[in-house]
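1. the sequence and its predicted three-dimensional model are supplied below.
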Amino acid sequence: MSEPQGSEGTTQRLPVIERAAEPDQRGQSASAAAYGPPPVLEGGTGGTARRFWSARRVPAGIVALLLLLIAGVFLYDIAAVRADRPAMHWRRELARQLAERPLDDTWVLVGAGVAAVLGLWLILLAVTPGLRAVLPMHRTHPDVRAGLHRDAAAMVLRDRAMEVAGVQSVRVRTRRKRADVRAISHFRELDDVRADLDVALAEAIRGLGLSRPPALSVHVARTTRKKG
């Protein structure tokens, strides 16, 4: 029989990204470390890059549409009154309710609470940058800003972790301040696998070029062997 073309007598281990294998509670190894910002490249600006601001198009569009509808209805009603036509029933009823209901009425308090919550939500959207899924990268030029999506960063760390001997599957969850790595090992000592993962992932985090590198948390567990 002839061998397949292009193999040249070598084999490559196929990575298993996610596998439904529960870790054995008898064998686990974990570590946590933090990494400082990468060194400033030649010609860089230094300092810490700020987060990207979201355009907030959806909330702004909803608010603008609601204000336009409310203003249009009131303007139409006022124009109708100026033209010697009776005001709309809902506006007469609203004016009567506002004039007769006391301030401690339940519906008045509920309406005030809803208005306050909506106002605080709009203020929060106005003063926070948003785009939590985009990690700012270190600036090497004053006119250029770059960001890396958290899913892309997790994919890079996962690929680097799969290159470590003894790792069978890896799940990586990247947050804004921490990267959680949970690996399943099917051979080698767990402490040795975890130590190699610490070194490989530390180098990978530095290679991402993030302005605020996330802290690294590595957990390694043994696969559960099925009894048959």
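-> Sure thing, it's come through.
2. contacts only, for the residue minimising distance to the centre of the chain.
-> By CA atoms, centre = their mean, the mean C-alpha position of the chain lies nearest to residue 133, the distance being 3.4 Å. With contact taken as CB atoms under 8 Å, 6 or more residues apart in numbering, residue 133 is in contact with 149, 150, 151. Quick note: C-beta positions are derived from backbone N, CA and C, even for glycine.
3. which parts of the longest helix anywhere in the chain are buried?
-> Counting residues, the longest helix found in the chain (DSSP state H) is helix 57-82. Going by neighbour count (16 or more other CB atoms under 10 Å), the buried part of helix 57-82 is residue 77.
4. so of the contacts of residue 133, which ones are in strands?
-> residue 149 (DSSP state E).
5. just the buried ones from the contacts of residue 133, in PyMOL syntax?
-> In PyMOL, a selection of the buried entries from the contacts of residue 133 looks like this (16+ other CB under 10 Å):
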select buried, resi 150
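6. now the residue nearest to residue 187 when sequence neighbours are not counted: how far from residue 74?
-> Nearest non-adjacent residue to residue 187, counting by CB to CB, 6 or more residues apart in numbering: residue 166, 5.4 Å away. Noted for residue 166: a distance of 70 Å to residue 74, by CB to CB, to the nearest Å.
7. assign a three-state SS to residue 172, would you?
-> Assigned by DSSP: H, G, I helix; E, B strand; the rest coil, the conformation of residue 172 is strand.
8. show me where this structure has helices.
-> Using DSSP H, helices in the chain cover 57-82, 89-100, 106-127, 150-162, 190-208.
9. now those in JSON lines, with mean pLDDT and distance to residue 214?
-> Shown next, in JSON lines, are the helices of the chain (pLDDT from 0 to 100; distance: least, CB to CB, whole Å):
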{"stretch": "helix 57-82", "mean pLDDT": "88", "distance to residue 214": "28"}
{"stretch": "helix 89-100", "mean pLDDT": "83", "distance to residue 214": "52"}
{"stretch": "helix 106-127", "mean pLDDT": "88", "distance to residue 214": "24"}
{"stretch": "helix 150-162", "mean pLDDT": "93", "distance to residue 214": "8"}
{"stretch": "helix 190-208", "mean pLDDT": "92", "distance to residue 214": "7"}
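10. please report phi then psi for residue 213.
-> Backbone torsions of residue 213, given as degrees, to the nearest 10, read phi -60, psi 130.
11. quick check: it touching residue 204?
-> No - applying CB atoms under 8 Å, one finds residue 213 not in contact with residue 204, separated by 10.3 Å.
12. how many residues are close by residue 177?
-> 10 (other CB atoms under 10 Å).
13. swap that for residue 179, sorry
-> Neighbours of residue 179 (other CB under 10 Å): 23.
14. which residues sit in contact with it?
-> Contacts for residue 179 (CB under 8 Å, 6+ apart) come out as 153, 154, 157, 172, 173, 201, 205, 214, 215, 216, 217.
15. now do residue 102
-> With CB under 8 Å, 6+ apart, residue 102 has these contacts: residue 108.
16. quick check, pLDDT for it.
-> On the pLDDT scale, residue 102 is placed at 86.
17. picking up where we left off before, just the buried ones from the contacts of residue 179?
-> 153, 154, 157, 172, 201, 205, 214, 216, 217.
18. now tabulate those residues in a markdown table and tack on distance to residue 79.
-> Shown next, in a markdown table, are the buried ones among the contacts of residue 179 (distance: CB to CB, whole Å):
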| residue | distance to residue 79 |
| --- | --- |
| 153 | 57 |
| 154 | 57 |
| 157 | 62 |
| 172 | 61 |
| 201 | 67 |
| 205 | 63 |
| 214 | 58 |
| 216 | 65 |
| 217 | 64 |
